[in-house]
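>>> dropping a prediction and its sequence here:
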Amino acid sequence: MEKKLLLEKYIILFAIGGMAYFFLEVLVRGYSHYTMFLCGGACFVCCGLLNESMKIKMSFISQMVLSALIITALELITGLIVNVWLKMDIWDYSGLPYNFKGQICLLYSFFWFLVSSVAIVMDDFLRYKLFHEEKPHYKIL
């Protein structure tokens, strides 16, 4: 694919993922922050690349596990930048069990595992419909 078209594709996927992440947070917490659009866009693109860049197609559950790890890692990086370094105090999981520096916690990692199932299907659907890529096929385990 031509570099310009490839860049456009990933900008579109980034924007859709960012908006979805932002609005999911508004739905769950009642508010969000523009940095969550940026984090969400990065999460969506990275999780979508799992299925695209692997020579061997991985199972849907494996994609969900890896996606949850990717999202958790990107949330940690975002949290360390915006909450710790820039002191914007957008979220704080300090009160939740199994948290790390108040930026990530096990409960939300599990939540990302569940939400990633929708993100994986959404990414595949968008690639199929908007960019005429291969029709998605899933292997659960």
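Received, thanks.

>>> in this structure, which ranges drop under the pLDDT threshold?
Low-confidence segments of the chain (pLDDT under 70): 1, 53-55.

>>> could you pull out the helices for it?
With helices called from DSSP state H, the chain shows them at 3-29, 34-53, 60-79, 106-131.

>>> distance check, residue 118 against residue 18.
Between residue 118 and residue 18 the distance, using CB to CB, to the nearest Å, works out to 15 Å. For the C-beta atoms, the positions are set from N, CA and C on the backbone; glycine is no exception.

>>> neighbour count for those two, which is higher?
Neighbour comparison, residue 118 and residue 18: the larger count goes to residue 18, with 21 against 11 (by other CB atoms under 10 Å).

>>> which ones are touching that one?
36-41, 44 (CB atoms under 8 Å, 6 or more residues apart in numbering).

>>> spatially nearest residue to the residue nearest the centre of the chain (excluding sequence neighbours)?
Nearest residue to the geometric centre of the chain (CA atoms, centre = their mean): residue 43, 2.9 Å. Closest residue to residue 43 in three dimensions, ignoring its sequence neighbours and counting by CB to CB, 6 or more residues apart in numbering: residue 71, at 4.7 Å.

>>> my read: that neighbour touches residue 47, true?
Yes. If you go by CB atoms under 8 Å, residue 71 and residue 47 touch, sitting 7.0 Å apart.

>>> who touches both of the two?
Common neighbours of residue 71 and residue 47 (CB under 8 Å, 6+ apart) are residue 116.

>>> mind checking how far residue 43 is from residue 6?
19 Å.

>>> and for residue 21?
22 Å.

>>> then residue 92?
Distance from residue 92 to residue 6, by CB to CB: 38 Å.

>>> what does residue 65 give?
On the measure of CB to CB, residue 65 and residue 6 end up 27 Å apart.
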